[in-house]
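Chemist: Sequence plus predicted model, see below.
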Amino acid sequence: MTKAPGDEEAIARNRARQTQWYGEPLQNRFRRLLGRLGASQLELAAVLGLSAPMLSQLMSGQRAKIGNPAVLSRLQEIEALVASTDFERLPDAERAGALERIRSHQPSTRTALRLNGPEVLTGPAADPVVSVQAVLRAAASAAEIEAAAELLAAEHPGLAEVLRVYGNGRTADAREHFRATVPLPSW
């Protein structure tokens, strides 16, 4: 199938929008999840609450935006799950149970990220980076976070960077920023 002349430009625009809204093209985020989960696109789409064709269109750049806030919330929940230090050690049955809880979760547009309840933000294994990301992403959309960062950039560049890195960036980049910014106690 040949592409129309404007298709490649539209895909490039959509991927640029995804980077602005979600911190990187969705193809990168979805592929990382597929690899970590050992799942097919169909399986990931089912957990997210998307049709397989919609997931494919988001990955290919044919579509730019995740239109349903619940899908974005589930995406963030899955990312937090696979980023947890215990993920590799979870038995298959527990991984499946965690994914089923995420799939059945029906968040409002302002629901905070949760895995197995509020302990994700407060428990002994709480990841401060994931917790900060959860709060920011529950409070505002990626576009709203970017707009706020833009408003702050001239007078408060450090705060604008925090919004961008933690609100819209990848967890790995936020962790790197956290390590570089927050001095660890020398006990």
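Modeler: Nice, thanks for sending it over.
Chemist: Other residues contacting stretch 52-64?
Modeler: 10-15, 17-18, 21, 25-27, 30-31, 41-42, 44-45, 48, 50, 66 (CB atoms under 8 Å, 6 or more residues apart in numbering). Every C-beta, even on glycine, is put in place using the N, C-alpha and C of the backbone.
Chemist: Restricted to helices, list those.
Modeler: Counting by DSSP state H, those place 10-15, 17-18, 21, 26-27, 30-31, 41-42, 44-45, 48 in helices.
Chemist: all helices for the chain, in order.
Modeler: So, for the chain - with DSSP H - the helices run 5-22, 26-37, 41-48, 52-60, 69-83, 92-104, 119-122, 128-139, 142-153, 157-162, 171-181.
Chemist: ok, of the ones you listed, where does mean pLDDT dip lowest?
Modeler: Lowest mean pLDDT of the helices of the chain: helix 119-122, a mean of 41.
Chemist: Next, count neighbours for residue 36.
Modeler: Using other CB atoms under 10 Å, the number of residues around residue 36 comes to 15.
Chemist: so who does it touch?
Modeler: Per CB under 8 Å, 6+ apart, neighbours of residue 36: 82, 87.
Chemist: Distance of it relative to residue 164?
Modeler: Distance from residue 36 to residue 164, counting by CB to CB, to the nearest Å: 24 Å.
Chemist: Spatially central residue for the protein, please.
Modeler: Closest residue to the average C-alpha location of the chain: residue 76 at 4.0 Å, with CA atoms, centre = their mean.
Chemist: Alpha carbons of stretch 170-181, in PDB - could you do that?
Modeler: Extracted in PDB, the C-alpha atoms of stretch 170-181 (Å, rounded to 0.1, in the frame of the first residue of the first chain):
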ATOM      1  CA  ARG A 170       9.700   9.200  30.800                       C
ATOM      2  CA  THR A 171      10.100   7.700  34.200                       C
ATOM      3  CA  ALA A 172      13.800   6.900  33.500                       C
ATOM      4  CA  ASP A 173      14.500  10.600  32.700                       C
ATOM      5  CA  ALA A 174      12.600  11.600  35.900                       C
ATOM      6  CA  ARG A 175      14.700   9.200  37.900                       C
ATOM      7  CA  GLU A 176      17.900  10.600  36.500                       C
ATOM      8  CA  HIS A 177      16.700  14.100  37.300                       C
ATOM      9  CA  PHE A 178      15.800  13.100  40.800                       C
ATOM     10  CA  ARG A 179      19.200  11.500  41.500                       C
ATOM     11  CA  ALA A 180      20.900  14.600  40.100                       C
ATOM     12  CA  THR A 181      18.700  17.000  42.100                       C
END
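Chemist: Can you list the buried residues in that stretch?
Modeler: When burial is assessed from 16 or more other CB atoms under 10 Å, stretch 170-181 yields the following buried residues: 170-171, 173-175, 177-178.
Chemist: who's in contact with residue 45?
Modeler: By CB under 8 Å, 6+ apart, the residues touching residue 45 are 51-52, 54-55.
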